[in-house]
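>>> Model the structure of this input:
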Amino acid sequence: MINKPIKIAIINRSFWPSYPVIGEALLRFAEGAAKREFLVSVIIQDTVGINSKLEKAGRGKGVRFYPTKALSTYASGILFRVFDSLFFMMWVIVVLLWVRPTKVYVSTDPPVVVPFIVMLYSQMFDAEYVYHLQDIHPEATNVVMPVNKWIYKLVLKMDIVSIRNAKRLITITEQMATEIRTRSQTKASIQVLSNPAVSFDGIDTNKPKLLGFSFCGTAGRMQRIPLILAAIETYFKRGGRLDFTFAGGGIYSSQLKDFSKSFSRFHYRGLVSSSEAAQINADYAWALLPIEDDVTRFSFPSKSSSYVVSGANILAICSENTSVAQWVNANRLGVVVKPHVESIVDDFFKIEKSDFEDLICEESRDALKANLRFEVFIKALNKLVLT
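Purely as a prediction, here's the structure:
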């Protein structure tokens, strides 16, 4: 009797080429699984016409793609983004019932509702799924935008059920793993896996760097953008001479654009390609890593991996008791500053005078780099999802 190939579905709303880290990693994972004679389906939202992009790049061989149109962006209002998530949820239901996979990889993009649908599908059709919690919701959302308490309780219960019924769970930090265990009492194994860094192929990370700051990532509610701009404005008005280059989209995009028109040493590049982001990170001696304190229990900034590989020192803007601060300090990657305008401005001037150089340890950075390669991430997914 000939064994039928195992059907696998990969569900992540964001994908290659628009999302050059997780999107690229999941594309490589899908391509590798297809070469191993798994029947691989990828369910995504399409922002760029992915089928033509795949054909042009010669990617996605042997993988079946099921894209649906993306209706919102990071800059969209919260209600429209919720509607978009529900629209994608309906698409996931249709494709799962059509394809009937026996193994499913699902992430928190979008959160809660799609993993819950995967859980229901798995219960009904005797499938198994691996749940990748890139963030822990609804807690992460509730920190920056309080959710109606009844809706909060409902979606929290939904997510707990999804967690408890997963074959395996993946998350980013030990602190997040602890939160998951505490809130769900799950017996499923939890694997801590760092997100890979954006590719730096062709980027010289060892050349002399400009004494200034980069910020490449989402300019959203969790990134303290109004605080950062207030500190930079104060710094400039007091004679600060460092340059700042920001890149990425989000709800504060228009504020960043307007700010760049007011100060010649502040540059906003908007949405850029992965290679452009890598180059910006590699150009500057320092990178900004702002994050809301309470969010760090439930999330970890994805840009951190790319900052490490770029060779930039990190100025983390958060309290000392957060997982981000502990990570920066333990690995001697830079400096942690309290999220207050005066404290940030003081550190800008100290960096201008190169006062922090003795705090940095390149040996620690090199050890981290080895675990942030795409190959490490994909090898882990192969073990966790395909076995």
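>>> which SSE is residue 246 in?
Assigned by DSSP states H and E, residue 246 falls within strand 243-247.
>>> Give me the contacts around that strand.
210, 212-216, 219, 232, 256, 260, 265-272, 276-277, 280, 283-284, 288 (Cβ atoms under 8 Å, 6 or more residues apart in numbering). C-betas here are computed from N, CA, C, even on glycine.
>>> Let's see the PyMOL selection covering just the buried ones among the residues you listed.
Buried residues within the contacts of strand 243-247, by 16 or more other Cβ atoms under 10 Å, are selected in PyMOL with:
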select buried, resi 212+213+214+215+216+219+232+256+260+266+267+268+269+277+280+283+284+288
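>>> re earlier: please identify the buried residues of the following helix or strand past the strand holding residue 246?
Later in the chain than strand 243-247, the nearest helix or strand by DSSP H and E is helix 253-262. Neighbour counts over helix 253-262 (16+ other Cβ under 10 Å) mark 253, 256, 259-260 as buried.
>>> just stretch 236-250 next, same as before
236, 240, 242-250.
>>> now, the most widely separated pair of those residues?
240 and 249 (26.2 Å; Cβ to Cβ).
>>> can you give me the strands in the stretch 251-387 of the chain?
For the stretch 251-387 of the chain, the strands defined by DSSP state E, counting those that start in this stretch cover 266-268, 284-290, 313-317, 334-337.
>>> Tabulate the ones you listed in CSV, adding columns for distance to residue 226.
Shown next, in CSV, are the strands of the stretch 251-387 of the chain (distance: least, Cβ to Cβ, whole Å):
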stretch, distance to residue 226
strand 266-268, 14
strand 284-290, 10
strand 313-317, 12
strand 334-337, 16
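>>> Report the contact partners of residue 142.
residue 152.
>>> ah, wrong one, I meant residue 386
Taking Cβ under 8 Å, 6+ apart, we find residue 386 in contact with 8, 33, 36, 38, 103.
>>> what bridges to the first one?
On the basis of DSSP bridges, residue 8 takes part in beta bridges with residue 40, residue 103.
>>> Tell me how far it lies from residue 38.
For residue 8, the distance to residue 38 (Cβ to Cβ, to the nearest Å) stands at 5 Å.
>>> Of those two, give the one with the bigger neighbour count.
Counted by other Cβ atoms under 10 Å, residue 8 and residue 38 do not tie: residue 8 has more neighbours, with 24 against 21.
>>> mind listing the strands for the stretch 101-250 of the chain?
Assigned by DSSP E, counting those that start in this stretch, the strands in the stretch 101-250 of the chain fall at 103-107, 128-133, 168-171, 189-192, 210-216, 243-247.
>>> Compare those and give me the one nearest residue 334.
Using Cβ to Cβ, the strands of the stretch 101-250 of the chain put strand 210-216 closest to residue 334, at 11.0 Å.
>>> So which elements touch the closest one?
Packing partners of strand 210-216 (3 or more Cβ pairs under 8 Å, 6 or more residues apart in numbering; DSSP states H and E): strand 243-247, helix 274-283, strand 284-290, helix 303-310.
>>> Looking at those, which is nearest to residue 387?
helix 303-310 (25.1 Å).
>>> quick one: the closest one to strand 284-290, angle?
Relative orientation of helix 303-310 versus strand 284-290 (axes from the mean of the first three to the mean of the last three Cα atoms, to 10 degrees): 170 degrees.
>>> before we move on, back to that, farthest pair within the contacts of residue 386?
Across these, the longest distance by Cβ to Cβ is 12.5 Å; it joins 36 and 103.
>>> So the two - more neighbours on which side?
A count of neighbours by other Cβ under 10 Å puts residue 103 above the other of residue 36 and residue 103, at 21 against 12.
>>> how much space between that one and residue 316?
Residue 103 is 38 Å from residue 316, where distance means Cβ to Cβ.
>>> and what of residue 292?
According to Cβ to Cβ, residue 292 stands 12 Å off from residue 316.
>>> for residue 303, same thing?
From residue 303 to residue 316 the distance is 11 Å (Cβ to Cβ).
>>> where do the contact lists of those two overlap?
By Cβ under 8 Å, 6+ apart, the residues touching both residue 303 and residue 316 are residue 289.
>>> All good on my end, thank you.
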